[in-house]
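Undergrad: pasting the sequence and the predicted coordinates here, then a few questions.
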Amino acid sequence: MCSLSRAVITEFVFLCLSPEALVINDPDFQHEDLNFLSRSQRYEQAIRKSSLMVMKLREYGIADPEEIYWFKRTCLGNFIEPFGLHFSMFHKTIETQTTDAQKKKWLPLVRGVKIIGTYAQTEMGHGTHLRGLETTATYDPATQEFILNSPTVTSIKWWPGGLGKTSNHAIVLAQLYTQGQCKGLHAFIVPIRQLGTHEPLPGITVGDIGPKFGYDEMDNGYLKMDNFRIPRENMLMKYAQVEPDGTYVKPVSDKLTYGTMVFIRSLIVGDSARSLSRACTIAIRYSAVRHQSELKPGAPEPQILDYQTQQYKLFPLLATAYAFHFVGAYIKDTYHRISGDIHDGDLSELPELHALTAGLKAFTSWTANAGIEECRMACGGHGYSRCSGIPDIYVTFTPSCTYEGENTVMMLQTARFLVKSYNQVSSGQRVTGMVSYLNDLSRQRIQPQHVAGRTEAVRINDPVSLVEAYKARAARLVEAAAKNLQAELNHRKSKEDAWNRTSVDLVRASEAHCHYVIVKLFTAKLSEISNAAVCAVLTELCLLYALYGISRNAGDFLQAGILTDTQITQVNQRVKELLAVIRPNAVALVDSFDFHDVHLGSVLGRYDGNVYENMFEWAKKSPLNKTEVRKPYLVGLNDLWR
Amino acid sequence: MCSLSRAVITEFVFLCLSPEALVINDPDFQHEDLNFLSRSQRYEQAIRKSSLMVMKLREYGIADPEEIYWFKRTCLGNFIEPFGLHFSMFHKTIETQTTDAQKKKWLPLVRGVKIIGTYAQTEMGHGTHLRGLETTATYDPATQEFILNSPTVTSIKWWPGGLGKTSNHAIVLAQLYTQGQCKGLHAFIVPIRQLGTHEPLPGITVGDIGPKFGYDEMDNGYLKMDNFRIPRENMLMKYAQVEPDGTYVKPVSDKLTYGTMVFIRSLIVGDSARSLSRACTIAIRYSAVRHQSELKPGAPEPQILDYQTQQYKLFPLLATAYAFHFVGAYIKDTYHRISGDIHDGDLSELPELHALTAGLKAFTSWTANAGIEECRMACGGHGYSRCSGIPDIYVTFTPSCTYEGENTVMMLQTARFLVKSYNQVSSGQRVTGMVSYLNDLSRQRIQPQHVAGRTEAVRINDPVSLVEAYKARAARLVEAAAKNLQAELNHRKSKEDAWNRTSVDLVRASEAHCHYVIVKLFTAKLSEISNAAVCAVLTELCLLYALYGISRNAGDFLQAGILTDTQITQVNQRVKELLAVIRPNAVALVDSFDFHDVHLGSVLGRYDGNVYENMFEWAKKSPLNKTESVSLFHQSKQNCKSCHSGLY
């Protein structure tokens, strides 16, 4: 069936062997199927597993927050833990934003998990717009303390993971008031529960925000503070400071916090790849197991993966999952490359990476989000059962679209950078990096035949040529948005209003830019793969990714004269051909993602394909089946038959 | 803020006052927030409410299955009940597929709810392809009984609602064997649990299939039968019959079952409208309550509904919800109009309605499905909380895409009708109804300039002209698919293979056809609205629906030469203008859907806009907050301490 083995692809594409072996067979990590537990039970289980995890990390000597993140995500799949923010944001913030004296006091407590912390930024009424946060920290020089208050309902801290029940400390973002003046947002370490008894401290109201779409294991919490006092030393003082008498000392630069945002958003790009890969693995394996209907009268029912419509749903997503893996790796590498520079004070590459990461975070998470549900529905009715595992993947992944920067806001951040770059080019400057295609726009204005001349040039079977097509589309949409923006500015006074009235165009421009970057990175990856057979399969996937994108956005390519009507028809035809070409390797391509059954958590996506027997066994364990005849049923019936 | 009041729109568009008053204040229907209950508790609650519902239906004298359906859906919102299939499929099947003698025996039991039944068709390994079902019913003339068997794991009945724990009877679809021959699928009434004790009968293995994405209240079940015997009279014998000696008597026509399918799919179109409307109501109301960021430096934070990107997410969905309401009403009316004919044996209009309903079921449910999630994410982080109500709307609605005909299969059914109609036109016949535009294709072949000539004709501010544009697009895509199919047939032997190799094109053609029908029905509706102000707002919505669709599918319109590059740019610009035009009426337009807070079940979508205080109150009731310092936390601390010192 498969012309390539999974091991070959895994080795040559992902350049690694799975580290899952570390914990996969560890009896400590075996657990009951979470689907059969109530939310409270799931929370309990998660606390138990988190505690075990801490031990394992120590055992293996893993301490760096990023390594911890990758260890957990790669090895434990979708495991959600109430301690999550302790190891990521709480640890990282204390490590990077404290003075040496503060480090000395807090880091041992954090690293030794003597205290458990979270990061409380978002408020009930405020997420995207940080300056709108209402929590106040007012300095009292008499006692050298900050007085923390949640003055309104909307100012209650809302959503932080592990805040409700688990944490005894939180880093709280609050508007700093000293000497009668507001100095803007600053971070404070706030104890919220008594060590030992774990009771909330006087002045603190804290709890769980209630059930959600997913994340049952997580006690996302609320925090309300009423005249709650903390020592002056609990303000994170590496950059800004408040002196004992209340004098405020300004920070040197506020650009540094961008680094953390870039880092977290780059992780989300990786998550998009991983979550979509999981869903594709389940849907494609199951589509090879499931037989239905007839392709030839009287012949046995074919695998549903042999239907063109099924391939059309799943193979472009498979190609997308591969593309996003490469994009995730690129951002991670770039981040590491330039974070050295940042450390040395060179911030020159940060704005582009920041802008690119924002857009790619949005692009990949939106695409993966819709794709996971496509995969679920491609499994037919059984996809809707929790035993498919896909509902869980979806509800765990979908917050990525709204947290750590709401996606539309992210797209507009990228757009801001694109418009700025466009304006630089317009005023005669040259731009570098991923936006350097904008430099060509001025040349085209001199040679108006250039665009039409390009039409013949696109070769639909050559990824490099398709990169050029995507580049031309991005250039056109950035230019269109920038011109519309200028037209609005010419008619109205306010910059903000003009921006708002062009924002639909700006988002489209950002999407086109991100799409270009992804096609470019996927194409670049092809030349790095040394195994010829693997490279051939990857080239097919890359072509499918690029051509499918053209087919779905044909209007853009036609309107700009990048492709002709005839070429669009050829593209549509070629997409169908590629589906058939990829079909023999489809299962090997998902097997190469190398998810173990335990972490895939799916009866439909089992590696051995033994779906139906196991579905029956799984169903028998349903809590509703614990008693043959349910008592409340009879009570209901008596009412009915009264 | 709003230039039109909700009452005016509700009255003139939906032509009704809400019947919800009947039950909205009924204390029997008050309940704890389901979000705080475990699945078993939700099932118990549902059984209790179902029982109450039966009482109420009797009280109000509602007996017709369709009326029951509308009563429940309109009045109780998303309420899911384990008895659901008893009142719909079980009742309807016994009413329509039994002999008079069978009716006399079973109908009083069904109507009086002396027995509770469900409809067991789908098997673990078989859904779409009915002929592939494996369950067997073998006739034994010696005892005049059928012997029912589930011969394999894949043959176990799987998914039927209420089968797991609630029902004591099921209509079972099985392959009939008599006199050594398989006679195909037939329906049988099978008792599965003992009346009184409710224990499964010997030979019956029955249970719940486990937790799902949603439908916590529903005990979707499995059923395995081992040499289980039922009397010959339990076969539904209105059409086909097995005589006491085992002689099989053929049915007259099997087209009649199409009627039920059309009926159920038309209900799903209505559900698409209603579920999307609910999500839009929540997202648009909340977007008027939520303030964020800055439009003017230093000014107060604006309502997020003032952001163009937010309008671009929500207003096309609002227009879609209105469009789907009109489509749902159209199919329902058409079904009723022709079901009289069907009853009189005139099946001539059935094939087109059947084909159209299949495609519209798929088109509307896919669109609503994605739209509900758009609405949720448009509420930002709070949309993810169960208190938003949207997760529940989504998980309850999303099975519509895969049940009662998987959507892609539905699209291909429509495509089959389109290709058939296209071939009729090609061979010189004329076709009628919604596909009559295909008649023009032959004319165009004679006048090749016709297509190009039409380019100037589209007026982007005139819905009637846009209907023509959608029509031209559908014609082009049907033709392209039919030609591709023919090309494959010219190259290969098998019809099935050619069909499969063209199926992506065929689905696109069906989508374009459905899209055309929807734009057409929305536009037709405009002329029926007598209030000028309401008509003006609805015309804006209709334009937005049509132009947004063009903008998102610009390639189709460009490639066929229906619109020029310049016109596409104008369309994009016009869409943005319409967002601003609709903004002042947006809240009134969702209020007009007239969902009461109790049935909307959303803190974010409250009619009074008092979101934040109520979110805090809601959260306090979270089960995790029942104890201040969770005891399990200490427990687990101890556990950990014993094995790993230092963590705490």
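TA: Right, received. Where do you want to start?
Undergrad: next structured bit after the helix or strand where A:Ser272 lies?
TA: Take DSSP states H and E as the rule and A:Ser272 turns out to sit in helix A:257-289. Scanning forward in sequence from helix A:257-289 by DSSP H and E, the next helix or strand is helix A:308-343.
Undergrad: does any part of that next one sit near chain B?
TA: Yes - using C-beta under 8 Å from any C-beta of the partner chain, helix A:308-343 comes into contact with chain B via A:308-310, A:312-313. Using the backbone N, CA and C atoms, a C-beta is placed for each residue, glycine as well.
Undergrad: and these, which two are the farthest apart?
TA: With C-beta to C-beta as the measure, no two of the residues of helix A:308-343 next to chain B lie farther apart than A:Gln308 and A:Lys313, at 9.9 Å.
Undergrad: is it fair to say A:His81 lies in a helix?
TA: Rather than His, residue A:81 is Glu. No - going by DSSP: H, G, I helix; E, B strand; the rest coil, the assignment for A:Glu81 is coil, not a helix.
Undergrad: please name the nearest non-neighbouring residue to it.
TA: Spatial nearest neighbour of A:Glu81, chain neighbours left out: A:Ser50 (4.2 Å); criterion: C-beta to C-beta, 6 or more residues apart in numbering or on different chains.
Undergrad: I'd assumed A:Pro82 was in contact with the one you found.
TA: Yes - distance between A:Ser50 and A:Pro82: 6.2 Å, which falls inside the contact criterion (C-beta atoms under 8 Å).
Undergrad: burial of the closest residue to A:Asp505 other than its chain neighbours, as a residue count?
TA: Residue nearest to A:Asp505 in three dimensions, not counting chain neighbours: A:Ala481, with 4.0 Å by C-beta to C-beta, 6+ apart. Around A:Ala481 there are 24 other residues, counting by other C-beta atoms under 10 Å in any protein chain shown.
Undergrad: where's A:Ala481, which helix or strand?
TA: Assigned by DSSP H and E, A:Ala481 belongs to helix A:463-491.
Undergrad: after that helix, next one along is what?
TA: Where DSSP H and E defines the elements, the next helix or strand beyond helix A:463-491 is helix A:495-501.
Undergrad: buried residues of that following helix, list them for me.
TA: For helix A:495-501, a neighbour-count test (16 or more other C-beta atoms under 10 Å in any protein chain shown) marks A:496, A:498-501 as buried.
Undergrad: and for stretch A:42-56?
TA: Using 16+ other C-beta under 10 Å as the burial criterion, the residues of stretch A:42-56 that qualify are A:42-54, A:56.
Undergrad: how far away is the residue nearest in space to the middle of chain A from chain B?
TA: Centroid check for chain A by C-alpha atoms, centre = their mean gives A:Ile268 as the closest residue, at 2.6 Å. Computed with C-beta to the nearest C-beta, to the nearest Å, the distance linking A:Ile268 and chain B is 14 Å.
Undergrad: cool, and A:Ser465?
TA: 19 Å.
Undergrad: quick one on the thing from earlier: quick check, the residue nearest to the centre of chain A in contact with A:Ser365.
TA: Yes - in this structure, A:Ile268 is within contact of A:Ser365 by C-beta under 8 Å, at 5.9 Å.
Undergrad: need the residues touching each of the two.
TA: Shared contacts of A:Ile268 and A:Ser365, defined by C-beta atoms under 8 Å, 6 or more residues apart in numbering or on different chains, are found at A:Ser400.
Undergrad: chain center to stretch A:38-56: distance?
TA: Counting by C-alpha atoms, centre = their mean, to the nearest Å, stretch A:38-56 is centred 23 Å from the centre of its parent chain.
Undergrad: stretch A:134-141 now?
TA: Between the centre of stretch A:134-141 and the centre of its chain there are 34 Å (C-alpha atoms, centre = their mean).
Undergrad: could I have it exported to CSV, CA atoms only?
TA: Taking only C-alpha atoms (Å, rounded to 0.1, in the frame of the first residue of the first chain), the coordinates of stretch A:134-141 have been written out as CSV:
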residue,chain,number,x,y,z
GLU,A,134,-8.1,48.5,35.9
THR,A,135,-6.3,46.7,38.7
THR,A,136,-4.4,49.3,40.8
ALA,A,137,-1.2,49.1,42.9
THR,A,138,-0.9,52.2,45.0
TYR,A,139,2.3,52.8,46.8
ASP,A,140,2.1,53.8,50.5
PRO,A,141,5.5,55.2,51.6
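Undergrad: do that stretch and chain B meet?
TA: No - looking at stretch A:134-141 against chain B by C-beta under 8 Å from any C-beta, there are no contacts, and the closest approach is 11.3 Å.
Undergrad: who touches that stretch?
TA: Under the contact criterion C-beta under 8 Å, 6+ apart, stretch A:134-141 has outside partners A:123, A:125-126, A:145-152, A:154-155, A:157, A:172-179, A:186, A:188, A:225, A:229, A:232, A:235, A:242, A:244-246.
Undergrad: keep only the residues you listed that also lie close to chain B.
TA: Applying C-beta under 8 Å from any C-beta, the subset of the contacts of stretch A:134-141 adjacent to chain B comprises A:125-126, A:154.
Undergrad: got the contact list for A:Arg42?
TA: Neighbours of A:Arg42 in contact, by C-beta under 8 Å, 6+ apart: A:34, A:216-217.
Undergrad: my read: A:Ser150 touches A:Lys157, true?
TA: Yes - the criterion here is C-beta under 8 Å, and A:Ser150 meets it with A:Lys157 at 7.2 Å.
Undergrad: so which elements touch the helix holding A:Ser272?
TA: For helix A:257-289, the contact count by 3 or more C-beta pairs under 8 Å, 6 or more residues apart in numbering or on different chains; DSSP states H and E identifies helix A:65-76, helix A:91-97, helix A:308-343, helix A:350-378, helix A:390-397, helix A:586-591, helix A:597-600 as packing neighbours.
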